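S.K.: Got a sequence here, can you build the structure:
(2 chains)
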Amino acid sequence: MDRISELPEVVLQYILSFLPIKQVVQSTVLSTRWKHIWTTFPNLVFDETYFDTTLWWSPKNKKNPEVQKATIVDSDVEELNLEFGYFGIDYILPQRVLVAKSLTVLILYKCKLESTCGDIYLPSLKKLSLSHVDADDQIFQNLIAGCPVIESMMFRECRGLKSIKASNVPKVMAITLEGNALESLELEAFNLYYLSMRQVTIGSGFNLLHCKNLRLLSLCVVYISNEWLNNNLPGLALLEKLELKICFELKTIKISNHHLKSLDLDRCAYLIEVEIDAPKLSTFIYYGTYQASISSNALALSQATYNLRCLNVPDPTDVEKIEFLSKLSNSKLLELSVQRAENAIIPKELRETLPSPSYNVKHLMVSISKSFTRDEIGELVDSLLWISPLPDILSMECSKNSKPDFDQISLKFFKQSYNCKTTPFLLYAFASHARQATFDVVEILVILVVTS
Amino acid sequence: MALELKSSDNKIFEVEELVAVQSETIKSLVEDGCADNVIPLPNVDSKTLELVLDWCKNHVDMKLDEEKLKEYEDKFIEVDQAVLYDLLLAANYLNIKDLLNRACQKVADMLKGKTPEQIRETLNIVNDFSPEEEEEIRKENLWAFEE
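M.R.: Presented below is the predicted three-dimensional model:
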């Protein structure tokens, strides 16, 4: 009796996945039942939900799905996505995949590439993404060189990968590297548009001097020095977006890129001085301290997001705060995130003598980690309104578990008189407590509409 | 903690929770708090359940000894086809990944290198294609049927 054909389809597909591709395709001729299995093969997703459909209780299984996808290459397949979870399979990619003429996308996760007798040649491949793929460096080189029209490459935690030579792939537009220890990275790539490196260690000699067309550069946990940055950035005349995250070696940097639209400086904890020469800058995100001296010639930002933490340095002085806020709050949307209310408070004496830094802020958002007191609220709002006197919306929140110690807040605004030819306003404030099942957030939304 | 499992032929098996939760199915029952009474398994007979539980127990006992475990697994899976299918179905139903993996591998081993005709013979599959239909399929993927 033919019991095997009675097995659920997913199980049959799984059995087939252990067989060489040729035999899988041959299975189509076994019987009408088997022909059907093959036709659904290219999209096989063998994950927890398949198992669940055979159960008759508890449809809501709360577990972390370990997705196991095994797809088999058809001679015309365009996209191949092979991901292996903890199934204990040391899957070695079949050679056939590496000469698939029609393949345009190849995504591999947790498998091996072994040395093959034949060449690797993927004439249609445009996108290559390898995560946790082990192979000798030579095989990686052969793979890269065997993709003449590749446009996007990603290598994440690939053991054995030592060097990348972009000049072998002149059409490449985007390269992403994560968790690799490389000896050399040569980026002679005229078409390179996007480069992202995260937790990559790299030998000396790495430079961006030949990537004249780079538009997006993201470096996260990469050991680059001030000199390296100051040597390599100016040549990137078309750079539009720059992200420097957790680059601890950076202390004094100058960013001079006239097309730059977005800059993100995230936890480069030892920054002392940053000079930004980017008149077209529209978005500035900064996660660091008030202590860094940042100067910018950006004419007007659309978004300024400042996550101002103490990061193991002493509290900022008022002068430091004022310098920071007055230089950098010229933005339509200003988001401030601080630990304590006092980090955003400017003393009254100084507010009365110094001019407001930004009339352009339309939406001011402030979030504070630690709870603030009733007394602080008044001064906080006054400070914020000094920074940005004419917002359409001012919203303040403190994070969960640190509710302010009051139930109702009445806000008295000390109104300064200034030349304001804007539309008539009304003063309106309300406070609401939103207690939800999972977190306590007290949001105080102050909508300012002032009558002249 | 001990759990009670009932096979399709109404035999009760008492097992340690640690052993039983190798089945993801049983694991979620335990997590959902539905495992206080006897857990019925209407799709698994006692003969198969006994084997499955033996697999699970040994996987707990020999967890740290890879070599010994592999030896056990190789020996365990040397069963006749009928038992193999029962194990497959049970492993699928109970969601025991490593057992399903091993059992599927075993079936695949049985089929490796065989022509479709030989596979039909091994597995008792009836060819319900007409000669024309079969010819058509072979032509569609000629490369797979060439020597």
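S.K.: was I right about A:Leu364 contacting A:Ser395?
M.R.: Yes: A:Leu364 lies in contact with A:Ser395 (Cβ atoms under 8 Å); the separation is 7.4 Å. Where you see a C-beta, it was placed from the backbone N, CA and C, and this is true even at glycine.
S.K.: So for these two, which sits in the more crowded spot?
M.R.: Shown here are A:Leu364 and A:Ser395; by other Cβ atoms under 10 Å in any protein chain shown, A:Leu364 has more neighbours (25 against 16).
S.K.: element containing the more buried one?
M.R.: A:Leu364 is part of strand A:363-368, with elements assigned from DSSP states H and E.
S.K.: Need the contact partners of that strand.
M.R.: Contact with strand A:363-368 is made by A:332-341, A:344, A:380, A:384, A:387-388, A:391-399, as judged by Cβ atoms under 8 Å, 6 or more residues apart in numbering or on different chains.
S.K.: what's the span of stretch A:295-302 from first residue to last?
M.R.: This stretch, stretch A:295-302, spans 17 Å end to end (Cα to Cα, to the nearest Å).
S.K.: now stretch B:88-103
M.R.: This stretch, stretch B:88-103, spans 6 Å end to end (Cα to Cα).
S.K.: Is any residue of it near chain A?
M.R.: Yes: under the criterion of Cβ under 8 Å from any Cβ of the partner chain, chain A is reached by stretch B:88-103 at B:Leu88, B:Leu89, B:Asn92, B:Tyr93, B:Asn95, B:Lys97, B:Asp98, B:Leu100, B:Asn101.
S.K.: which of those residues lies closest to chain A?
M.R.: Closest approach to chain A among these (Cβ to the nearest Cβ): B:Asn95, at 4.5 Å.
S.K.: So what's the residue count around A:Glu188?
M.R.: Applying other Cβ under 10 Å, I find that A:Glu188 has 13 neighbouring residues.
S.K.: ok now do it, which residues does it touch?
M.R.: A:Ala166, A:Ser167, A:His210 are the contacts of A:Glu188 under Cβ under 8 Å, 6+ apart.
S.K.: and the very next helix or strand once past the strand holding A:Leu364 with strand A:363-368, angle?
M.R.: Downstream of strand A:363-368, the first helix or strand assigned by DSSP H and E is helix A:374-387. Using axes from the mean of the first three to the mean of the last three Cα atoms, to 10 degrees, the inter-axis angle of helix A:374-387 relative to strand A:363-368 is 150 degrees.
S.K.: What pairs with the helix or strand just after helix A:374-387, parallel or antiparallel?
M.R.: Scanning forward in sequence from helix A:374-387 by DSSP H and E, the next helix or strand is strand A:393-398. According to DSSP bridges, strand A:393-398 has the following sheet partners: strand A:363-368 (parallel), strand A:440-450 (antiparallel).
S.K.: Can you give the distance from strand A:393-398 to the centre of its chain?
M.R.: Chain-centre distance of strand A:393-398: 25 Å, with Cα atoms, centre = their mean, to the nearest Å.
S.K.: Just the C-alphas of it, formatted as PDB.
M.R.: This file holds the C-alpha atoms of strand A:393-398, laid out as PDB (Å, rounded to 0.1, in the frame of the first residue of the first chain):
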ATOM      1  CA  ILE A 393       2.100  72.300  19.000                       C
ATOM      2  CA  LEU A 394       4.100  71.700  22.200                       C
ATOM      3  CA  SER A 395       4.000  68.200  23.500                       C
ATOM      4  CA  MET A 396       5.800  66.900  26.600                       C
ATOM      5  CA  GLU A 397       5.900  63.400  27.900                       C
ATOM      6  CA  CYS A 398       7.700  61.400  30.500                       C
END
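S.K.: Quick one: mean pLDDT over that strand.
M.R.: Averaging pLDDT along strand A:393-398 yields 72.
S.K.: Please apply the same query to stretch A:205-225.
M.R.: Rounded mean pLDDT across stretch A:205-225 is 90.
S.K.: in chain A, which ranges drop under the pLDDT threshold?
M.R.: A:21, A:38-96, A:116-118, A:310-313, A:371-372, A:374, A:398-452 (pLDDT under 70).
S.K.: all helices for chain B, in order.
M.R.: Using DSSP state H, the helices found in chain B span residues B:17-20, B:24-31, B:46-61, B:66-76, B:81-94, B:97-111, B:116-123, B:131-140, B:142-145.
S.K.: Turn the ones you listed into a markdown table, including mean neighbour count.
M.R.: Formatted as a markdown table, these follow (neighbours: other Cβ atoms under 10 Å in any protein chain shown):
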| stretch | mean neighbour count |
| --- | --- |
| helix B:17-20 | 18 |
| helix B:24-31 | 20 |
| helix B:46-61 | 18 |
| helix B:66-76 | 13 |
| helix B:81-94 | 21 |
| helix B:97-111 | 20 |
| helix B:116-123 | 16 |
| helix B:131-140 | 13 |
| helix B:142-145 | 14 |
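S.K.: Kindly reformat the ones you listed as JSON lines containing distance to A:Asp134 and mean pLDDT.
M.R.: Shown next, in JSON lines, are the helices of chain B (distance: least, Cβ to Cβ, whole Å; pLDDT from 0 to 100):
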{"stretch": "helix B:17-20", "distance to A:Asp134": "33", "mean pLDDT": "90"}
{"stretch": "helix B:24-31", "distance to A:Asp134": "28", "mean pLDDT": "87"}
{"stretch": "helix B:46-61", "distance to A:Asp134": "26", "mean pLDDT": "93"}
{"stretch": "helix B:66-76", "distance to A:Asp134": "19", "mean pLDDT": "89"}
{"stretch": "helix B:81-94", "distance to A:Asp134": "29", "mean pLDDT": "91"}
{"stretch": "helix B:97-111", "distance to A:Asp134": "20", "mean pLDDT": "91"}
{"stretch": "helix B:116-123", "distance to A:Asp134": "33", "mean pLDDT": "90"}
{"stretch": "helix B:131-140", "distance to A:Asp134": "36", "mean pLDDT": "86"}
{"stretch": "helix B:142-145", "distance to A:Asp134": "29", "mean pLDDT": "73"}
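S.K.: Which of the ones you listed sits closest to A:Ser293?
M.R.: A:Ser293 lies closest, by Cβ to Cβ, to one member of the helices of chain B: helix B:24-31, at 54.2 Å.
S.K.: is it true that A:Glu342 lies in a strand?
M.R.: No: A:Glu342 is assigned helix when assessed by DSSP: H, G, I helix; E, B strand; the rest coil, not a strand.
S.K.: Grab the nearest non-local neighbour of it.
M.R.: Spatial nearest neighbour of A:Glu342, chain neighbours left out: A:Glu376 (7.1 Å); criterion: Cβ to Cβ, 6 or more residues apart in numbering or on different chains.
S.K.: Can you get me a residue count around that neighbour?
M.R.: 18.
S.K.: Wait, it touches A:Ile345, no?
M.R.: Yes: at 7.2 Å, A:Glu376 and A:Ile345 qualify as touching, with contact defined as Cβ under 8 Å.
S.K.: A:Asp189 belongs to a strand, doesn't it?
M.R.: I think there's a mix-up here, since residue A:189 is Ala and not Asp. No: with three-state DSSP as the criterion, A:Ala189 is assigned coil and is not in a strand.
S.K.: quick one: it from B:Leu94, how far?
M.R.: To B:Leu94, A:Ala189 is 52 Å away according to Cβ to Cβ, to the nearest Å.
S.K.: same thing with A:Leu384?
M.R.: Between A:Leu384 and B:Leu94 the distance, using Cβ to Cβ, works out to 60 Å.
S.K.: Is A:Phe284 in a helix, a strand, or coil?
M.R.: Secondary structure, three-state DSSP: A:Phe284 is strand.
S.K.: Check whether stretch B:58-72 comes near chain A.
M.R.: No: using Cβ under 8 Å from any Cβ, stretch B:58-72 stays clear of chain A, coming no nearer than 10.4 Å.
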